[in-house]
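Colleague: sequence-free structure coming up:
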């Protein structure tokens, strides 16, 4: 059982839902990333989604694009991100880490080498936005051979055939994108999300996480009532962006604790 599977199993046994915050590695500065990861865990995160900076983040809205730009100023690449995970693992061997990024850095390193290095440093799951499931067979096998969970996105436009194709390859959990558009979009329709999640559940036993458009505690609570996990990206990045070096960690802790309380309130 992977760390991701074990985390969801433990939460389910407690009647709880997962809180999965996203941060971009290297934002606002590479020296903060590992400290931020530990702060997220200490304030209630169950799984960390760590963004790999890339120059053309097509699935991301302006907020995460700015985070990527801040990281790229410091030349943070995939190798640096893996090193950050290795450092995090020195004192935390429990919290699952999912790398979220794009195909280009993986291709530059080589798929097999990436999978080996990711496993070696303690990565648990990999979400590569622009590897379509139709073309991911070999990469998925490389990941699974290293006991890494391939995480895939499902969208409001995913029909039953596509959902089936994706869940056959996925492991750990599936990530339902609650909106058409990029990260940080607004106007989340919880009823629609709940209907879609219910439909996806008829095709897989994998936990379902929901992200894109979760902006505050009220939305997080509403999503936790219909999904197995709540993914918070742009809102977390906004908190980082609006913080100074002095209050960065305390602000992120405060936001995470608020979101944790909201997610827990949905299950009681």
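Modeller: Cool, the structure landed. Every value quoted in this text rests on a predicted model; they were computed, and no experiment measured them. Residues are numbered from 1 along each chain as shown.

Colleague: from here on, contacts and neighbour counts on C-alpha atoms
Modeller: Will do.

Colleague: Report the beta-bridge partners for the residue nearest to the spatial centre of the chain.
Modeller: Averaging the C-alpha coordinates of the chain gives a centre point, and the residue nearest to it by C-alpha atoms, centre = their mean is residue 49 (3.3 Å). Beta-bridge partners recorded for residue 49 (DSSP bridges): residue 22, residue 98.

Colleague: so what pLDDT did it get?
Modeller: Residue 49 is assigned a pLDDT of 98 by the prediction.

Colleague: Check residue 180 too.
Modeller: Looking at residue 180, its pLDDT is 65.

Colleague: swap in residue 122?
Modeller: Taken from the predicted model, the pLDDT recorded for residue 122 is 98.

Colleague: ok, residue 258 to residue 17 distance?
Modeller: Here the criterion is C-alpha to C-alpha, to the nearest Å. By it, residue 258 lies 15 Å from residue 17.

Colleague: In terms of packing, which of these two has more residues around it?
Modeller: The neighbour comparison of residue 258 against residue 17 (other C-alpha atoms under 10 Å) goes to residue 17, with 28 against 16.

Colleague: check contacts around that one.
Modeller: Contacts here follow C-alpha atoms under 8 Å, 6 or more residues apart in numbering; on that basis residue 17 touches 8, 11, 224, 227-230, 263-264, 267.

Colleague: 6 Å instead?
Modeller: Taking C-alpha atoms under 6 Å, 6 or more residues apart in numbering, we find residue 17 in contact with 228-229.

Colleague: For residue 58, grab the count of nearby residues.
Modeller: Neighbour number of residue 58 under other C-alpha under 10 Å is 13.

Colleague: Okay, and the nearest residue to residue 188 once chain neighbours are set aside sits in which element?
Modeller: In space, and not counting its chain neighbours, residue 188 is closest to residue 213: 6.0 Å by C-alpha to C-alpha, 6 or more residues apart in numbering. Residue 213 is part of no helix or strand when elements are defined by DSSP states H and E.

Colleague: Per-residue pLDDT of residue 213, please?
Modeller: Turning to residue 213, the model gives it a pLDDT of 82.

Colleague: same deal with residue 184?
Modeller: As predicted, residue 184 sits at a pLDDT of 52.

Colleague: tell me the contacts of the closest residue to residue 232 other than its chain neighbours?
Modeller: With C-alpha to C-alpha, 6+ apart as the measure, residue 21 is the residue that lies nearest to residue 232, at 4.7 Å, once sequence neighbours are left out. Remark: with contacts taken as C-alpha under 6 Å, 6+ apart, residue 21 is in contact with 48, 231-232.

Colleague: so where's the chain uncertain?
Modeller: Low-confidence segments of the chain, defined by pLDDT under 70: 180-187, 268.

Colleague: which helix is the longest one in it?
Modeller: helix 248-265 (DSSP state H).

Colleague: mind checking how far that helix is from the chain centre?
Modeller: Distance of helix 248-265 from its chain centroid, counting by C-alpha atoms, centre = their mean, to the nearest Å, is 16 Å.

Colleague: returning to what we had before: quick one: the residue nearest to residue 232 from residue 36, how far?
Modeller: Residue 21 is 11 Å from residue 36, where distance means C-alpha to C-alpha.

Colleague: now swap in residue 262 and tell me
Modeller: The span separating residue 262 from residue 36 equals 21 Å under the rule C-alpha to C-alpha.

Colleague: now swap in residue 120 and tell me
Modeller: When distances are taken as C-alpha to C-alpha, residue 120 and residue 36 turn out to be 22 Å apart.
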